[in-house]
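Participant: No sequence on hand, only this structure:
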(Lines give C-alpha, C1' and ligand atoms only; values in the text may rest on other atoms or scores of the structure.)
Protein backbone atom coordinates (compact mmCIF):
# COMPACT_ATOMS: atom_id res chain seq x y z
CA UNK A 1 0.00 0.00 0.00
CA UNK A 2 1.69 3.21 -1.14
CA UNK A 3 0.68 5.96 1.26
CA UNK A 4 2.13 9.44 1.41
CA UNK A 5 3.84 10.33 4.67
CA UNK A 6 1.33 13.12 5.16
CA UNK A 7 -1.59 10.75 4.89
CA UNK A 8 -0.02 8.30 7.34
CA UNK A 9 0.37 11.17 9.81
CA UNK A 10 -3.26 12.16 9.21
CA UNK A 11 -4.49 8.61 9.87
CA UNK A 12 -2.34 8.25 12.99
CA UNK A 13 -3.56 11.59 14.32
CA UNK A 14 -7.15 10.76 13.49
CA UNK A 15 -6.93 7.41 15.27
CA UNK A 16 -5.34 8.99 18.34
CA UNK A 17 -7.91 11.76 18.54
CA UNK A 18 -10.78 9.34 17.97
CA UNK A 19 -9.61 7.09 20.80
CA UNK A 20 -8.96 10.06 23.09
CA UNK A 21 -12.41 11.47 22.39
CA UNK A 22 -14.08 8.15 23.12
CA UNK A 23 -12.28 7.81 26.43
CA UNK A 24 -13.17 11.37 27.44
CA UNK A 25 -16.84 11.22 26.45
CA UNK A 26 -18.05 10.81 30.01
CA UNK A 27 -16.67 14.27 30.92
CA UNK A 28 -18.76 15.87 28.20
CA UNK A 29 -21.91 14.08 29.29
CA UNK A 30 -21.29 14.96 32.93
CA UNK A 31 -20.86 18.62 32.04
CA UNK A 32 -24.15 18.86 30.14
CA UNK A 33 -26.00 16.82 32.73
CA UNK A 34 -27.22 14.12 30.39
CA UNK A 35 -29.29 11.37 32.04
CA UNK A 36 -28.78 7.95 30.45
CA UNK A 37 -32.30 6.90 31.42
CA UNK A 38 -34.06 9.90 29.86
CA UNK A 39 -35.25 9.51 26.28
CA UNK A 40 -34.87 13.18 25.14
CA UNK A 41 -35.82 12.12 21.63
CA UNK A 42 -39.39 12.08 20.26
CA UNK A 43 -40.29 9.44 17.72
CA UNK A 44 -42.95 6.95 16.82
CA UNK A 45 -41.61 3.68 15.41
CA UNK A 46 -43.36 0.34 15.00
CA UNK A 47 -42.15 -2.34 17.41
CA UNK A 48 -39.69 -4.71 15.77
CA UNK A 49 -40.14 -8.41 16.41
CA UNK A 50 -40.08 -11.65 14.46
CA UNK A 51 -43.63 -12.89 14.00
CA UNK A 52 -43.23 -15.36 11.12
CA UNK A 53 -44.48 -18.93 11.57
CA UNK A 54 -42.19 -21.92 11.58
CA UNK A 55 -41.83 -23.96 8.39
CA UNK A 56 -41.86 -27.69 7.72
CA UNK A 57 -38.50 -29.33 6.93
CA UNK A 58 -37.21 -28.91 3.41
CA UNK A 59 -37.64 -31.90 1.11
CA UNK A 60 -34.05 -31.44 -0.02
CA UNK A 61 -31.28 -28.87 0.49
CA UNK A 62 -30.43 -26.33 -2.18
CA UNK A 63 -28.38 -27.84 -5.00
CA UNK A 64 -26.94 -24.46 -6.00
CA UNK A 65 -26.92 -20.85 -4.86
CA UNK A 66 -29.88 -20.02 -7.10
CA UNK A 67 -32.10 -22.38 -5.09
CA UNK A 68 -30.96 -21.07 -1.71
CA UNK A 69 -33.66 -20.49 0.91
CA UNK A 70 -33.39 -19.07 4.44
CA UNK A 71 -33.67 -22.60 5.85
CA UNK A 72 -30.56 -23.68 3.92
CA UNK A 73 -28.21 -21.29 5.74
CA UNK A 74 -26.01 -23.10 8.26
CA UNK A 75 -23.33 -20.45 8.86
CA UNK A 76 -23.58 -16.66 9.36
CA UNK A 77 -20.56 -14.41 8.81
CA UNK A 78 -19.90 -10.66 8.57
CA UNK A 79 -17.26 -8.20 7.44
CA UNK A 80 -17.51 -4.50 8.18
CA UNK A 81 -16.74 -1.59 10.47
CA UNK A 82 -17.99 -0.25 13.80
CA UNK A 83 -21.62 -0.51 12.71
CA UNK A 84 -21.37 -4.28 12.28
CA UNK A 85 -19.13 -4.46 15.37
CA UNK A 86 -22.00 -2.89 17.32
CA UNK A 87 -20.19 0.13 18.74
CA UNK A 88 -22.41 2.39 20.85
CA UNK A 89 -25.59 0.36 20.38
CA UNK A 90 -26.62 0.54 24.03
CA UNK A 91 -25.96 4.26 24.48
CA UNK A 92 -24.68 5.82 27.68
CA UNK A 93 -23.96 4.00 30.94
CA UNK A 94 -23.25 5.09 34.47
CA UNK A 95 -19.91 3.34 34.03
CA UNK A 96 -18.37 5.31 31.12
CA UNK A 97 -16.06 2.46 30.20
CA UNK A 98 -19.13 0.59 28.93
CA UNK A 99 -19.74 3.44 26.46
CA UNK A 100 -16.64 2.20 24.63
CA UNK A 101 -17.94 -1.32 24.20
CA UNK A 102 -19.03 -3.08 21.04
CA UNK A 103 -22.36 -4.83 21.57
CA UNK A 104 -21.78 -7.52 18.99
CA UNK A 105 -24.63 -9.70 20.15
CA UNK A 106 -27.08 -7.04 18.97
CA UNK A 107 -25.46 -6.15 15.62
CA UNK A 108 -28.18 -6.03 12.96
CA UNK A 109 -26.61 -8.57 10.59
CA UNK A 110 -25.03 -11.19 12.84
CA UNK A 111 -25.90 -10.63 16.50
CA UNK A 112 -26.91 -13.71 18.44
CA UNK A 113 -27.94 -12.50 21.90
CA UNK A 114 -31.10 -14.06 23.29
CA UNK A 115 -34.07 -11.98 22.15
CA UNK A 116 -32.01 -9.86 19.75
CA UNK A 117 -33.72 -8.70 16.56
CA UNK A 118 -31.03 -9.42 13.99
CA UNK A 119 -30.89 -11.12 10.62
CA UNK A 120 -28.91 -14.05 12.04
CA UNK A 121 -31.24 -14.45 15.03
CA UNK A 122 -34.24 -14.49 12.72
CA UNK A 123 -32.56 -17.08 10.49
CA UNK A 124 -32.08 -19.21 13.60
CA UNK A 125 -35.85 -19.68 13.68
CA UNK A 126 -35.38 -21.92 10.63
CA UNK A 127 -32.11 -23.54 11.67
CA UNK A 128 -31.60 -23.82 15.41
CA UNK A 129 -28.01 -24.98 14.84
CA UNK A 130 -26.96 -21.85 12.94
CA UNK A 131 -23.26 -21.18 13.54
CA UNK A 132 -21.30 -17.93 13.55
CA UNK A 133 -23.39 -15.38 15.43
CA UNK A 134 -21.49 -12.92 17.62
CA UNK A 135 -22.64 -12.64 21.23
CA UNK A 136 -22.29 -10.36 24.20
CA UNK A 137 -20.05 -7.31 24.34
CA UNK A 138 -16.46 -6.29 24.91
CA UNK A 139 -14.16 -3.28 24.61
CA UNK A 140 -13.77 -1.93 21.12
CA UNK A 141 -11.45 -3.54 18.57
CA UNK A 142 -9.81 -0.95 16.33
CA UNK A 143 -8.47 -1.37 12.81
CA UNK A 144 -8.09 1.97 11.04
CA UNK A 145 -6.31 1.94 7.69
CA UNK A 146 -2.68 0.98 8.40
CA UNK A 147 -3.32 0.92 12.17
CA UNK A 148 -4.48 -2.62 12.99
CA UNK A 149 -2.94 -3.86 16.24
CA UNK A 150 -2.71 -7.67 16.35
CA UNK A 151 -4.54 -10.06 18.67
CA UNK A 152 -7.58 -7.87 19.30
CA UNK A 153 -10.25 -10.38 18.35
CA UNK A 154 -12.32 -12.20 20.98
CA UNK A 155 -13.22 -15.40 19.10
CA UNK A 156 -15.47 -16.64 21.90
CA UNK A 157 -17.69 -13.56 21.43
CA UNK A 158 -16.91 -12.34 17.91
CA UNK A 159 -17.21 -15.86 16.48
CA UNK A 160 -17.60 -15.14 12.73
CA UNK A 161 -18.23 -11.41 13.07
CA UNK A 162 -14.90 -10.15 11.75
CA UNK A 163 -15.87 -6.47 11.75
CA UNK A 164 -13.49 -3.99 13.38
CA UNK A 165 -14.26 -0.48 14.52
CA UNK A 166 -12.59 2.06 12.24
CA UNK A 167 -12.12 -0.45 9.42
CA UNK A 168 -11.64 0.91 5.92
CA UNK A 169 -12.20 -0.95 2.68
CA UNK A 170 -8.60 -2.28 2.31
CA UNK A 171 -8.80 -3.70 5.84
CA UNK A 172 -11.54 -6.13 4.85
CA UNK A 173 -9.32 -8.29 2.66
CA UNK A 174 -6.00 -7.68 4.38
CA UNK A 175 -7.17 -8.12 7.97
CA UNK A 176 -10.77 -9.18 8.52
CA UNK A 177 -10.99 -11.92 5.91
CA UNK A 178 -7.84 -13.49 7.35
CA UNK A 179 -9.50 -13.80 10.76
CA UNK A 180 -12.68 -15.15 9.19
CA UNK A 181 -10.84 -17.88 7.31
CA UNK A 182 -8.92 -18.91 10.43
CA UNK A 183 -12.13 -19.25 12.43
CA UNK A 184 -13.97 -21.14 9.69
CA UNK A 185 -11.21 -23.73 9.59
CA UNK A 186 -11.01 -24.06 13.38
CA UNK A 187 -14.72 -24.47 14.07
CA UNK A 188 -15.63 -28.17 14.36
CA UNK A 189 -19.32 -27.38 13.90
CA UNK A 190 -18.75 -26.16 10.33
CA UNK A 191 -18.64 -28.44 7.31
CA UNK A 192 -16.61 -26.11 5.12
CA UNK A 193 -17.33 -27.93 1.87
CA UNK A 194 -21.04 -28.62 2.33
CA UNK A 195 -22.61 -25.98 4.61
CA UNK A 196 -24.29 -23.01 2.94
CA UNK A 197 -22.98 -19.72 4.33
CA UNK A 198 -24.37 -16.19 4.43
CA UNK A 199 -21.72 -13.46 4.46
CA UNK A 200 -22.90 -9.89 5.01
CA UNK A 201 -20.49 -7.19 3.80
CA UNK A 202 -21.23 -3.63 4.89
CA UNK A 203 -18.43 -1.06 4.92
CA UNK A 204 -17.20 2.20 3.44
CA UNK A 205 -18.39 4.83 5.93
CA UNK A 206 -14.90 5.43 7.33
CA UNK A 207 -13.53 5.81 3.82
CA UNK A 208 -16.04 8.45 2.74
CA UNK A 209 -15.60 10.25 6.08
CA UNK A 210 -12.02 11.03 4.96
CA UNK A 211 -12.58 11.07 1.23
CA UNK A 212 -14.44 14.32 0.60
CA UNK A 213 -11.34 16.09 -0.74
CA UNK A 214 -11.04 13.49 -3.49
CA UNK A 215 -7.26 13.43 -3.13
CA UNK A 216 -6.66 11.01 -0.26
CA UNK A 217 -4.81 7.86 -1.39
CA UNK A 218 -6.83 4.65 -1.74
CA UNK A 219 -10.20 6.32 -1.09
CA UNK A 220 -11.23 7.00 -4.69
CA UNK A 221 -13.97 5.03 -6.43
CA UNK A 222 -11.31 3.31 -8.55
CA UNK A 223 -9.52 2.12 -5.42
CA UNK A 224 -12.79 1.07 -3.84
CA UNK A 225 -13.55 -1.09 -6.86
CA UNK A 226 -10.06 -2.60 -6.87
CA UNK A 227 -10.14 -3.59 -3.20
CA UNK A 228 -13.72 -4.85 -3.19
CA UNK A 229 -13.17 -6.90 -6.34
CA UNK A 230 -10.11 -8.44 -4.72
CA UNK A 231 -12.20 -9.17 -1.61
CA UNK A 232 -14.92 -10.95 -3.58
CA UNK A 233 -12.34 -12.98 -5.49
CA UNK A 234 -10.65 -14.06 -2.25
CA UNK A 235 -13.99 -15.03 -0.75
CA UNK A 236 -14.84 -17.12 -3.82
CA UNK A 237 -11.42 -18.77 -3.88
CA UNK A 238 -11.41 -19.68 -0.18
CA UNK A 239 -14.99 -20.16 1.03
CA UNK A 240 -17.21 -22.73 -0.69
CA UNK A 241 -20.99 -22.34 -0.84
CA UNK A 242 -21.44 -18.69 0.07
CA UNK A 243 -24.12 -16.08 -0.56
CA UNK A 244 -22.57 -12.60 -0.22
CA UNK A 245 -25.05 -10.08 1.11
CA UNK A 246 -23.45 -6.89 -0.29
CA UNK A 247 -25.17 -3.91 1.35
CA UNK A 248 -24.94 -0.56 -0.41
CA UNK A 249 -23.68 2.32 1.68
CA UNK A 250 -26.08 4.97 2.96
CA UNK A 251 -25.15 8.62 2.54
CA UNK A 252 -23.27 9.25 5.78
CA UNK A 253 -24.04 12.98 5.53
CA UNK A 254 -27.63 12.06 6.44
CA UNK A 255 -26.41 11.66 10.01
CA UNK A 256 -25.91 15.43 10.03
CA UNK A 257 -29.55 16.01 9.13
CA UNK A 258 -30.72 13.62 11.84
CA UNK A 259 -28.44 14.85 14.62
CA UNK A 260 -29.08 18.55 13.98
CA UNK A 261 -32.68 17.97 15.09
CA UNK A 262 -31.42 17.51 18.67
CA UNK A 263 -29.86 20.22 20.84
CA UNK A 264 -27.99 17.50 22.72
CA UNK A 265 -26.49 16.15 19.48
CA UNK A 266 -25.54 19.63 18.30
CA UNK A 267 -23.52 20.04 21.50
CA UNK A 268 -21.94 16.61 21.04
CA UNK A 269 -20.86 17.35 17.49
CA UNK A 270 -19.30 20.66 18.40
CA UNK A 271 -16.94 18.54 20.51
CA UNK A 272 -16.76 15.32 18.47
CA UNK A 273 -17.01 16.63 14.91
CA UNK A 274 -13.67 15.07 14.00
CA UNK A 275 -15.34 11.64 14.14
CA UNK A 276 -16.44 12.25 10.54
CA UNK A 277 -14.68 15.38 9.34
CA UNK A 278 -16.39 15.47 5.94
CA UNK A 279 -19.82 15.56 7.58
CA UNK A 280 -19.39 17.79 10.61
CA UNK A 281 -16.38 20.01 9.97
CA UNK A 282 -16.42 20.91 6.28
CA UNK A 283 -19.82 22.52 5.82
CA UNK A 284 -22.37 21.94 3.09
CA UNK A 285 -19.70 21.68 0.38
CA UNK A 286 -18.05 18.62 1.90
CA UNK A 287 -21.42 17.05 2.69
CA UNK A 288 -22.27 17.29 -1.00
CA UNK A 289 -18.87 15.76 -1.83
CA UNK A 290 -19.38 12.87 0.59
CA UNK A 291 -22.76 12.21 -0.99
CA UNK A 292 -21.19 12.08 -4.44
CA UNK A 293 -18.41 9.75 -3.30
CA UNK A 294 -21.01 7.48 -1.70
CA UNK A 295 -22.92 7.39 -5.00
CA UNK A 296 -19.71 6.47 -6.83
CA UNK A 297 -18.94 3.69 -4.35
CA UNK A 298 -22.44 2.27 -4.73
CA UNK A 299 -22.28 2.44 -8.52
CA UNK A 300 -19.02 0.51 -8.43
CA UNK A 301 -20.52 -2.03 -6.02
CA UNK A 302 -23.24 -2.77 -8.57
CA UNK A 303 -20.59 -3.27 -11.25
CA UNK A 304 -18.56 -5.56 -8.98
CA UNK A 305 -21.61 -7.76 -8.37
CA UNK A 306 -22.17 -8.00 -12.14
CA UNK A 307 -18.68 -9.44 -12.58
CA UNK A 308 -19.73 -12.53 -10.61
CA UNK A 309 -23.37 -12.80 -11.68
CA UNK A 310 -24.38 -16.21 -12.96
CA UNK A 311 -20.83 -17.54 -13.15
CA UNK A 312 -20.80 -20.03 -10.29
CA UNK A 313 -23.18 -22.57 -8.80
CA UNK A 314 -21.92 -22.12 -5.25
CA UNK A 315 -21.17 -18.40 -5.10
CA UNK A 316 -23.24 -15.25 -5.58
CA UNK A 317 -22.67 -11.57 -4.84
CA UNK A 318 -26.05 -9.93 -4.34
CA UNK A 319 -26.57 -6.18 -4.02
CA UNK A 320 -28.90 -5.11 -1.22
CA UNK A 321 -29.82 -1.45 -1.84
CA UNK A 322 -32.58 -1.02 0.71
CA UNK A 323 -30.90 1.33 3.22
CA UNK A 324 -29.20 3.58 0.67
CA UNK A 325 -32.05 6.03 0.09
CA UNK A 326 -31.94 9.59 1.39
CA UNK A 327 -35.30 9.21 3.11
CA UNK A 328 -33.36 8.00 6.14
CA UNK A 329 -32.72 11.71 6.79
CA UNK A 330 -36.36 12.01 7.87
CA UNK A 331 -35.70 9.80 10.91
CA UNK A 332 -35.52 11.26 14.42
CA UNK A 333 -32.41 11.43 16.65
CA UNK A 334 -33.51 8.24 18.42
CA UNK A 335 -31.79 6.32 15.62
CA UNK A 336 -28.30 7.51 16.60
CA UNK A 337 -26.39 6.40 19.66
CA UNK A 338 -26.33 8.74 22.63
CA UNK A 339 -22.63 7.96 22.96
CA UNK A 340 -21.68 10.10 19.96
CA UNK A 341 -24.84 10.95 17.97
CA UNK A 342 -23.19 9.23 15.01
CA UNK A 343 -23.30 5.46 15.33
CA UNK A 344 -26.64 3.64 15.03
CA UNK A 345 -28.62 3.06 18.20
CA UNK A 346 -30.28 -0.22 19.14
CA UNK A 347 -33.46 1.11 17.55
CA UNK A 348 -31.66 1.77 14.27
CA UNK A 349 -30.05 -1.67 14.27
CA UNK A 350 -33.49 -3.23 14.68
CA UNK A 351 -34.96 -1.07 11.90
CA UNK A 352 -32.06 -2.09 9.67
CA UNK A 353 -32.70 -5.75 10.50
CA UNK A 354 -36.30 -5.52 9.33
CA UNK A 355 -35.49 -3.53 6.18
CA UNK A 356 -32.62 -5.83 5.20
CA UNK A 357 -34.63 -8.99 5.95
CA UNK A 358 -37.36 -7.81 3.59
CA UNK A 359 -34.74 -6.82 1.03
CA UNK A 360 -33.12 -10.27 1.07
CA UNK A 361 -36.49 -11.92 0.43
CA UNK A 362 -37.35 -9.63 -2.49
CA UNK A 363 -36.41 -10.41 -6.12
CA UNK A 364 -33.69 -8.09 -7.43
CA UNK A 365 -36.00 -6.50 -9.99
CA UNK A 366 -38.33 -5.43 -7.16
CA UNK A 367 -35.75 -4.16 -4.68
CA UNK A 368 -35.46 -0.42 -4.21
CA UNK A 369 -33.35 1.90 -2.09
CA UNK A 370 -36.15 3.12 0.16
CA UNK A 371 -35.51 2.70 3.86
CA UNK A 372 -39.04 1.45 4.42
CA UNK A 373 -39.13 0.28 8.03
CA UNK A 374 -42.93 0.51 8.13
CA UNK A 375 -43.50 -2.14 5.46
CA UNK A 376 -45.01 -5.45 6.63
CA UNK A 377 -42.47 -8.09 7.60
CA UNK A 378 -41.96 -10.62 4.80
CA UNK A 379 -42.40 -14.19 6.02
CA UNK A 380 -40.76 -16.91 3.94
CA UNK A 381 -42.42 -20.08 2.73
CA UNK A 382 -40.60 -23.22 1.60
CA UNK A 383 -40.58 -21.68 -1.87
CA UNK A 384 -39.10 -18.31 -0.84
CA UNK A 385 -35.54 -17.77 -2.05
CA UNK A 386 -32.60 -15.66 -1.00
CA UNK A 387 -32.90 -14.03 -4.38
CA UNK A 388 -29.84 -13.68 -6.58
CA UNK A 389 -31.67 -11.95 -9.44
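Facilitator: Nice, I can see it. Treat the numbers as computed from the prediction; the structure is a model and nothing was measured.

Participant: and the residue nearest the centre of the chain, which of the three is it?
Facilitator: Nearest to the mean C-alpha position of the chain, by CA atoms, centre = their mean, lies residue 84 at 3.8 Å. Reduced to three states with DSSP: H, G, I helix; E, B strand; the rest coil, the structure at residue 84 is helix.

Participant: The closest residue in space to it that isn't next to it in sequence - how many residues pack around it?
Facilitator: Spatial nearest neighbour of residue 84, excluding adjacent residues (CB to CB, 6 or more residues apart in numbering): residue 163 at 3.6 Å. Using the backbone N, CA and C atoms, a C-beta is placed for each residue, glycine as well. For residue 163, the neighbour count with other CB atoms under 10 Å is 32.

Participant: Would you map the helices across the stretch 101-250 of the chain?
Facilitator: Assigned by DSSP state H, counting those that start in this stretch, the stretch 101-250 of the chain shows helices spanning 119-123, 155-158, 169-171, 177-186, 205-210, 221-238.

Participant: Nearest approach to residue 138 belongs to which of these?
Facilitator: Residue 138 lies closest to helix 155-158 among the helices of the stretch 101-250 of the chain, at 5.7 Å (CB to CB).

Participant: Wait, residue 198 touches residue 126, no?
Facilitator: No: counting by CB atoms under 8 Å, residue 198 does not reach residue 126; the two are 11.9 Å apart.

Participant: Point out where the stretch 101-250 of the chain drops to low pLDDT.
Facilitator: Along the stretch 101-250 of the chain, segments meeting pLDDT under 70 span 213-215, 217.

Participant: on that earlier part again, what do residue 198 and residue 126 both touch?
Facilitator: Applying CB atoms under 8 Å, 6 or more residues apart in numbering, one finds that residue 198 and residue 126 are jointly contacted by residue 73.

Participant: Between the two, point out the one with more neighbours.
Facilitator: residue 198 (26 against 19).

Participant: my guess is residue 77 is in a strand, correct?
Facilitator: Yes: applying three-state DSSP, one finds residue 77 inside a strand.

Participant: Check whether the residue in the chain sticking out farthest from the centre sits in a helix, strand or coil.
Facilitator: Distance from the C-alpha centroid of the chain, by CA atoms, centre = their mean, peaks at residue 59 (33.6 Å). Recorded secondary structure, residue 59: coil (three-state DSSP).

Participant: List the contacts of it.
Facilitator: Contact analysis of residue 59 by CB under 8 Å, 6+ apart lists residue 382.

Participant: which residues sit in contact with the residue nearest to the centre of the chain?
Facilitator: 78, 107-110, 161, 163, 200, 202-203.

Participant: please redo it, this time with the cut-off set to 7 Å
Facilitator: By CB atoms under 7 Å, 6 or more residues apart in numbering, the contact list for residue 84 reads 78, 107, 109, 161, 163, 202.

Participant: Residue 323 now?
Facilitator: Residues near residue 323 by CB under 7 Å, 6+ apart: 247, 250, 352, 355-356, 371.

Participant: Thanks a lot, see you next time.
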